[in-house]
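>>> With the sequence up front, the predicted model follows.
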Protein chains: 2
Amino acid sequence: MPETIASQTSGSHSIGQSVRMAEAAQRVTGRLPFAGNIEVGGMLHGKILRSPHAHALITRLDASRAEALPGVVAVLTGQDLLGGEIEPYYGPALPDRPLVAIDRVRFSGEPVAAVIAQDEDTALAALDLIEVDYEELPAATTPEAAIAPEAVEIHARINERDYLSFPDLVLHPGAGKNICNYFRLRKGDVERAMGEADEVFHDTFRTPAEQHVSLEPHVTVAQAGADGVTIWTASAAPFTVRSQVAETLRIPASRVRVIVSNLGGAYGGKTYPRHEPLVTAMSWKVGGRPVRVELSRAEEFYTITRHASVVEITTGVKRDGTIVARQVHILFGAGAYADISPRLIKNGGYSSAGPYRIPNVTIDSYAVYTNTTPAGGYRGYGVPQVAWAYESQMDMIAERLGIDPLELRKRNLAVDGDTFATGQVFEDLHLDEMLPMVAERIGWDGGRSVSPADGREPGSRRVRGKGLACIVKTTVTPSTSTAAIKLNADGSANLATSSVEIGQGARTVLGQIAADAIGLPYEQVAVSYPDTAVTPWDQTTSSSRTTLMMGGAVEEAGLKVRQQLLELGAEMLEARIEDLVIGDGSVSVVGVPARAISFAELVRHSRSGNLQGQAVNRSEGGLDPETGQGIATARFYHAAAGAEVEVDLDTGRVTVLDLHVQTYGGRVIHPTLASLQSEGNLAFGVGQALYEEIVVDNGQIVNTNLGDYMIPSFADWGLRWTTGLSEDPSGAGKVHGLGESGAPAVPAAIGNALFHAAGIRVKELPLTPERVLKALRERDQQKGEEQ
Amino acid sequence: MPETIASQTSGSHSIGQSVRMAEAAQRVTGRLPFAGNIEVGGMLHGKILRSPHAHALITRLDASRAEALPGVVAVLTGQDLLGGEIEPYYGPALPDRPLVAIDRVRFSGEPVAAVIAQDEDTALAALDLIEVDYEELPAATTPEAAIAPEAVEIHARINERDYLSFPDLVLHPGAGKNICNYFRLRKGDVERAMGEADEVFHDTFRTPAEQHVSLEPHVTVAQAGADGVTIWTASAAPFTVRSQVAETLRIPASRVRVIVSNLGGAYGGKTYPRHEPLVTAMSWKVGGRPVRVELSRAEEFYTITRHASVVEITTGVKRDGTIVARQVHILFGAGAYADISPRLIKNGGYSSAGPYRIPNVTIDSYAVYTNTTPAGGYRGYGVPQVAWAYESQMDMIAERLGIDPLELRKRNLAVDGDTFATGQVFEDLHLDEMLPMVAERIGWDGGRSVSPADGREPGSRRVRGKGLACIVKTTVTPSTSTAAIKLNADGSANLATSSVEIGQGARTVLGQIAADAIGLPYEQVAVSYPDTAVTPWDQTTSSSRTTLMMGGAVEEAGLKVRQQLLELGAEMLEARIEDLVIGDGSVSVVGVPARAISFAELVRHSRSGNLQGQAVNRSEGGLDPETGQGIATARFYHAAAGAEVEVDLDTGRVTVLDLHVQTYGGRVIHPTLASLQSEGNLAFGVGQALYEEIVVDNGQIVNTNLGDYMIPSFADWGLRWTTGLSEDPSGAGKVHGLGESGAPAVPAAIGNALFHAAGIRVKELPLTPERVLKALRERDQQKGEEQ
């Protein structure tokens, strides 16, 4: 908080305290509201018929038997989209996706028709009665296959409508077959620098598609009446849903009301419109009656995934380890529709240079259409894919040059004043202190484990090793958040915000910021849920931006209220504002606590019923579309991870023995919640490293359930695991978002530990026993050949 | 609208147009949301046991049999209020009322206990199982009886807590037995002026208690959880409900969320907390489970009424009709609890001097506790009672002085520059033009009917006459409204307001004001419903203040958005703001319509996601508590009525032949809605004049149903009836509230017509056949005596 404010505050602060969560009692008593619990009078239930084929033409669709089933109200098909009343296509960046398939399906699981019925069972039964004939087409389910010369064209033409929400995005048409969008970055002179390098490393790394696996699936109730639409949904981006649904129904955005309560997890999977436009169209189809659709776990896998990636990374170094140039070529598997890929590949692109001082960088990042579930944001937003690549290669470089991987990183790590890949000057970057901390914490000694693994079980062959990694991540910039505060007649305050409570504690943290800014006990502040009809506009709850961007808006709104209180206090106490202190709900004269007036009295004195403060918090930035140079971020989030693993050489199983994630926190608002964010990152990192992978076979996802799709349990996080937050010791640090920083560092730390344990370099995630065994076998073969 | 704005607007205006109502489609399809339709998961149902006695001690209360009934969850009794967890007493001005009776009941129908059960039938059945023993006390059911020396004291002591919300109210303690509050006004020297008058008229007029008879009864769902309270209720004052409920539960107001949708009528009956604190306590009693209570028609009569009144009015006049002095002594029957009486008697008090130029005025207005249902605001807020008195007496003065009643009024009517009873200078008053219009409209000829009534039916004896009346009414002042507008990325706008839609069209009219202020087509603006957690603060939707006060806030908020659009437009069009016009959602260069930029493009250019405008609209005023002198109102609302009636001399029945109500509208936003407001006033005036009266017999209301309690049907409004709105012909008039102005003028116009028809002066409302017959008999007796 600004120094003048701090010096003028009396009483308690809540920032820095682990106060009780805003909705604590509801959380522990099972009464927390979720979209899934919404009951609207006359509500119908919907189920979605999905394509069994990865790519096919629809030659016939007959819903008449389904429509005739008692209890079925209607069936929405592609034919309903062609009447001109509603917009058939949608998409947050590029409207390339039909609400339901019109004449062609482009991925297995794509909605083909939607049944609206009196109850879920009837709707489900009716799905079987819809007759669809398909003519199968060749499918490309990986980005590499999709850009191959012989690949089928997945989109005959890309819908011409403009990018909707993102004036900063530029389409690069003609970039190649099935290329949805393309990002390029050019910094320095890579060709020259590569020529001058002592060693050039060229490696290709791969990551699979993953599912977010929020405990709460996507669930929406939509009521598309003639006076407007109301939607209750589990979305982290209510205003984005609003724009999209308004476009779908071709009505003003003001007539779409999106109401969001608590989310049971999101991780990027709920940031952009998912099935909301479809559910709205279903309500439209039944004359505006409310329709509820809740997806099954399997359907989640057909709704949104993380981008599969192929990252070719070429790095030129001097013999002393100095990186002089990097060239990166990335294919992100967008799936069958653009969703937010055009934006994600930009972030994934420029992030691939990492937190290093690299003067010459060339990056080409592609969103590639494939015949798979569309991919979207996912905790880390492109960074996990590229961090896996650059931090794995970092250790390969260290190995080849004979430099300790920690030392190699230290030699190249950027510090404040160095420039990021986009040319933006790094600021508030602390990896040079944090990485050694992590190394010390895991007992770093060049990757060797202190204790040998052998002999614990007779006959077993186990080896141990350690690994390090660090990453930098941006936050969406430019970006805007707005907030409004009412200070009530009794001196309590209401904060209206459209930030979404995903379980991360947004309402709690924003309440703390408001309380301190105003000078109120935290308990006196209530924080709203989003309701686009009435809560102030916010971009999205994503990109680890809420505490930074909305927090900034809230703080400024609170300071405006504080200023009014001080002015009223000066009037009533007949004192100068400079001689007043404020806190715990009252204003008093410095050193004369008896001369105090409560906020309630001050509001009464104002004769205005309440006091108000509103604020807009906007960050500036943007990149040149041709060079990728410019301001990428309002803040450089960063984290480092260290891991020790044990590898069973017989089974290939990798066990995490020890794991530490250190995140830069700057100014931590709520230590417990911040710590829980870090733990979540650690868990997601382990999942990505060892377990999570959507497996596609013959165009079909074969593991659409939590029996076959593995997410880590607590036991998998490590025999020992810890998280740490680095803070500005003065307490005056800047707010840093914490929601995504740690996760991307974990897979490479584990992969590097695997290398130091077993001498194998697996370049594709996850590090399954199969891949490890295969690599061990290859290593042994190679050794055999060498001998 | 300000002139500079008008000159800079292109395209269509919606102000002055009868645009489609905001929720028109929902209204005509039966889908309009009401509090009564709310379903909350796990909702319980409550019923209230009510006292059969007007005044009694509770000597025993045993709810154990009721609690044992299967399906009953709990029974709330007075004992629950004494545990210290919740505040036992409430009241919007004075916390004198227990949530349920604690040891004494003070009116027949007072809540004694409340059953919470799984369903309504069970709750109802359980009421019979609650055993209560009473010890009856003497009751005073009229204000005159209550101030008699022998009357019982209804409140042993008045709760000492301060008046809650109204710093402008002053208690006059020690004003007498059962006096709840007292208002005094002293202007000029009445004693001297009365001495100098040629004639002094002293008359006493009476009006009965009435019920509001909203089609929608009071209905509330309350959920009092540990993290805060949510209340869905049919209230016209969400923020007042919020304060009250916060006090009841002793929690910050910020933790109480009051959500209001549409109201099915209110007329003052829903302006202050009614059963919301009780329903909240019921939810508290069952551990925070949601509880729903919907009152029956009979219970409405036990919930709130209009104040019965006894108005003694003494007027001194010169022989030429000039009024030189007036002295008024008013008893308002407050019922058993203060409710809003302390404020209402002030308005009723100072309004009793009427719209006349009277230099010397003394007014004493009392709120008197009685053993009847508490009285509150009711369309006209004290004015209908006193207008009945002063406009009846006006015709009596005219009769005695031999001056045409129209002429007498014209000689005394105030014009701009004269002073109101409070000393405030009249402004924007047009009765001197309007009253002659009304007279002309009904064919005024001194009160005589043009067509004789005799002979239409053989043997019937019918007479006809005409009457006039006019009134002035204030609006609550000081007063504050706040509004917030978001201009969305597609150029549409959301208005957030806490004004309540009662059917009067608040959302429509505020939408029009916002649209014109911004420069948007009306259809692009959506208007919120109130939700105290997120919509900006508003005082109440009452006192005909919404279009004036909230409309002013909305206009200012809209102009702030407009200014931003013009600034962005100037930047993009490279033109000076003075050279731009704005309208229909775009900004263009004057005379060069092709050089136009849509609002959507301007918002995109701002890179802020949206544009915002907030405004506070505050009126200033207040009266000296000793003299009642000061600023009473932000606007003088006024209206005039003319009536022709036929009186059946055999049955005493009064039939309205012709009725016209002329209201000053200033600047009319929506002609159809304005006209409907006037029609409602006409209907309420007829009801008060001829039909409506709560009849109390032996302490009991005997007509708690719409069979026995008569409200006028359309047929009763008159064989012919019309309404008119006077507007500023320039179109630049000031906004005047229209919700209450016409009604108070109607009863005296009908009473005066009755006098001119039959020569009888009935001084008590309603003008029932019984009262008319009695007066006819007295007249005949007197005539007989005279002969």
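Received it, and whenever you're ready, just let me know what you need.
>>> Where does pLDDT dip in chain A?
Counting by pLDDT under 70, chain A contains low-confidence ranges at A:1-7, A:157-175, A:450-459, A:787.
>>> Do a quick rundown of the helices in the stretch 501-650 of chain A.
A:506-518, A:551-573, A:599-606 (DSSP state H, counting those that start in this stretch).
>>> Tell me the helices and strands packed up against the first one.
So that's helix A:506-518. Packing partners of helix A:506-518 (3 or more Cβ pairs under 8 Å, 6 or more residues apart in numbering or on different chains; DSSP states H and E): strand A:479-487, strand A:493-496, strand A:525-527, helix A:551-573. C-beta: built from backbone N, CA, C; applies to glycine.
>>> With mean neighbour count and distance to B:Asn698 as added columns, please give those in JSON lines.
Below are the helices and strands packed on helix A:506-518 laid out as JSON lines (neighbours: other Cβ atoms under 10 Å in any protein chain shown; distance: least, Cβ to Cβ, whole Å):
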{"stretch": "strand A:479-487", "mean neighbour count": "28", "distance to B:Asn698": "49"}
{"stretch": "strand A:493-496", "mean neighbour count": "29", "distance to B:Asn698": "49"}
{"stretch": "strand A:525-527", "mean neighbour count": "28", "distance to B:Asn698": "49"}
{"stretch": "helix A:551-573", "mean neighbour count": "22", "distance to B:Asn698": "54"}
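>>> follow-up on the earlier one: dump the helices of the stretch 501-650 of chain A into CSV; add distance to B:Ala575 as well.
Output for these, formatted as CSV (distance: least, Cβ to Cβ, whole Å):
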stretch, distance to B:Ala575
helix A:506-518, 39
helix A:551-573, 32
helix A:599-606, 40
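>>> how about these, which one is nearest B:Val19?
B:Val19 lies closest, by Cβ to Cβ, to one member of those: helix A:551-573, at 33.8 Å.
>>> what's the angle from the closest one to helix A:506-518?
Taking axes from the mean of the first three to the mean of the last three Cα atoms, to 10 degrees, one finds helix A:551-573 and helix A:506-518 inclined to each other by 30 degrees.
>>> Only C-alpha atoms, please: export helix A:551-573 in CSV.
Extracted C-alpha coordinates of helix A:551-573, given in CSV (Å, rounded to 0.1, in the frame of the first residue of the first chain):
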residue,chain,number,x,y,z
GLY,A,551,-6.8,-6.1,-6.4
GLY,A,552,-5.4,-2.9,-7.8
ALA,A,553,-8.8,-1.7,-8.8
VAL,A,554,-10.2,-2.6,-5.4
GLU,A,555,-7.4,-0.8,-3.6
GLU,A,556,-7.9,2.3,-5.5
ALA,A,557,-11.7,2.2,-5.0
GLY,A,558,-11.1,1.7,-1.3
LEU,A,559,-8.7,4.6,-1.2
LYS,A,560,-11.3,6.9,-2.7
VAL,A,561,-13.7,5.9,0.1
ARG,A,562,-10.9,6.5,2.6
GLN,A,563,-10.3,9.9,1.2
GLN,A,564,-14.0,10.9,1.6
LEU,A,565,-13.9,9.6,5.2
LEU,A,566,-10.9,11.6,6.0
GLU,A,567,-12.5,14.7,4.5
LEU,A,568,-15.7,14.2,6.5
GLY,A,569,-13.6,13.5,9.6
ALA,A,570,-11.6,16.6,9.1
GLU,A,571,-14.8,18.6,9.0
MET,A,572,-16.4,16.9,12.1
LEU,A,573,-13.2,16.8,14.1
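>>> hmm, that helix in reach of chain B?
No: applying Cβ under 8 Å from any Cβ of the partner chain, one finds helix A:551-573 separated from chain B by no less than 10.8 Å.
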